[in-house]
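Novice: Generate coordinates for the sequence data below:
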Amino acid sequence: MGSSVLAAHELYRRLAVLAVAASCLATTCHAPVGFEIRGDLESGVVFGIADLTADNGVAVEEIVVGQVAGEEFWRVQGHAKLERLVYGESLQGLAVKAGPVPLQPDQAYYVIVKGDSAWGREAWGRCTFFLDQAGRVQTEPGC
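Specialist: Numbers count the residues shown, from 1 in each chain. Modelled structure (predicted):
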């Protein structure tokens with residue numbers, strides 16, 4: 001993976017941490033959303049999502065997947081209790097607002113999930129993932 005992609009990933013990671021910290025100072029903190037991202041372009045990119053305060057799914061209101069370089073590839077909105085989703089698949093309760101644009105190998109992407117936690121607080125999370133040259137998902141620890 002190119003050094004410019006890694007540098008962009010690190011910049012976005014630091015900005016996301018700062019944004020979360022600033023929002024926690026200004027208001028009540030949100031419930032964190034955890035991710036497990038796996039798969040490949042052939043079988044599908046699978047997002048496991050969990051409300052880390054309750055160790056279960058998230059009442060999702062919005063999911064956005066985009067390229068780290070900035071372009072949005074897929075956006076869905078609505079209301080659905082989810083623990084898992086596959087990139088580009090239709091989901092009952094969530095309407096497609098953009099895309100899906102086909103993901104490409106050797107690229108860096110982000111996923112953002114917004115919704116409600118089991119405790120009635122806003123749930124929010126962001127994770128960056130990479131597709132290697134063979135189209136397989138690669139993530140960093142803690143994502």
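Novice: Please count neighbours and contacts with C-alpha atoms only from this point.
Specialist: Fine.
Novice: pLDDT at the closest residue to F130 other than its chain neighbours, what is it?
Specialist: Leaving out its chain neighbours, the residue that sits closest to F130 by C-alpha to C-alpha, 6 or more residues apart in numbering is A108, at 4.4 Å. Looking at A108, its pLDDT reads 95.
Novice: which residues are in contact with the helix or strand where A108 lies?
Specialist: In this structure, A108 sits in strand 107-116 according to DSSP states H and E. Contact with strand 107-116 is made by 5, 9, 33, 58-69, 122-132, as judged by C-alpha atoms under 8 Å, 6 or more residues apart in numbering.
Novice: and with 7 Å instead?
Specialist: For strand 107-116, contacts defined as C-alpha atoms under 7 Å, 6 or more residues apart in numbering pick out 5, 58-68, 122-131.
Novice: Identify the residue spatially nearest to the residue nearest the centre of the chain, adjacent ones excluded.
Specialist: Central residue of the chain (C-alpha atoms, centre = their mean): V111, 2.2 Å from the mean position. Closest residue in space to V111, ignoring its immediate chain neighbours: V65 at 4.4 Å, by C-alpha to C-alpha, 6+ apart.
Novice: I figured the one you found was touching F73, is that so?
Specialist: Yes: contact criterion C-alpha atoms under 7 Å: V65 and F73 qualify, at 5.6 Å.
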